[in-house]
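In: Take this sequence and fold it.
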Amino acid sequence: MNTLVRIRREQLRLYLVTDSTLCKGRSLYDVVAAAVRGGVTCVQLREKELGTREFVARALALKSLLSPLHIPLVINDRIDVALACQADGVHLGQSDMPVDLVRKILPPEVFIGLSVENDQDIVQALCMPMDYLGISPVFATPTKTDTPTPWGLAGLERARAMTDLPLVAIGGINAGNAAQVSHCGADGLAVVSAICAADDPASAARELFLLATTPNPNQPLP
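Out: So this is what the prediction gives:
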């Protein structure tokens, strides 16, 4: 297991996963810049359709935006792009390159996240050199149609009981359920359409950040 803390829980609090197709004709750069002004604490660049050259160019542009603000840039899947832009982290799915191999390739300071889809995935992940788990999906979501059965809030609570690793919840999270998801054990909320498709990404991010940091009314004070 890791002894080096590569990513702090508070840096995962409001985690934007990009989708340029949802940006309503606006540039992804402008949407991310607005979201950051609203309170986004981490940005994952996810590009399933772009060629490598375009992917790297977009990653470098976001890196130049985020680095001065000390906001981590995470690259989805592509280890080569992460290395090319000196990303702060990478996020892997269950069918991507094995975590052990990725850890050998990446510089030691680059953090790794892994999506987990069921309890067995979490059990296996506990022996891997990773820095956080993506609980995916919490709810059904229109942005990904090939996902397994949603965890639901009860599943998220179960995942929280299984590990001390930081948990980032993703899938169908919006202003209507963000606080509840946080109260069920998520350290971070990963959102896609709730920010990318918002008419005002800064305002949407601001609202989500406040919800993500709202104290749990059912938890006793220390």
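
In: from here on, contacts and neighbour counts on C-alpha atoms
Out: Noted.

In: what kind of secondary structure is residue 141 in?
Out: Per DSSP: H, G, I helix; E, B strand; the rest coil, the secondary structure class of residue 141 is coil.

In: What lies in contact with the longest helix anywhere in the chain?
Out: Counting by DSSP state H, the longest helix found in the chain is helix 52-66. Defining contact as Cα atoms under 8 Å, 6 or more residues apart in numbering, one finds that helix 52-66 is touched by 29, 33, 45, 47, 72-73, 75, 81, 84-85, 87.

In: Show me those that map onto helices.
Out: Per DSSP H, the contacts of helix 52-66 map to helices at 29, 33, 81, 84-85.

In: Which pair of those residues spans the longest distance?
Out: Spatial extent of the ones in helices among the contacts of helix 52-66 (Cα to Cα) is set by the pair 33 and 84 at 21.5 Å.

In: Could you check which of those two is surrounded by more residues?
Out: Counted by other Cα atoms under 10 Å, residue 33 and residue 84 do not tie: residue 33 has more neighbours, with 17 against 12.

In: Spatially, which residue comes closest to that one, not counting chain neighbours?
Out: residue 65 (7.4 Å; Cα to Cα, 6 or more residues apart in numbering).

In: Show me the helices in this protein, by range?
Out: Here the chain has its helices, by DSSP H, at 28-38, 52-66, 79-85, 99-105, 119-125, 152-162, 178-183, 193-196, 201-212.

In: For the longest strand that the chain contains, which helices and strands make contact with it?
Out: In the chain, taking DSSP state E as the definition, the longest strand is strand 111-116. Counting contacts by 3 or more Cα pairs under 8 Å, 6 or more residues apart in numbering; DSSP states H and E, strand 111-116 is packed against strand 89-92, strand 132-135.

In: Residues touching the last one, excluding its own?
Out: Where contact means Cα under 8 Å, 6+ apart, the residues beyond strand 132-135 that reach it are 112-117, 151, 156, 159, 165-170.

In: Residue 134 versus residue 124, what's the distance?
Out: 14 Å (Cα to Cα, to the nearest Å).
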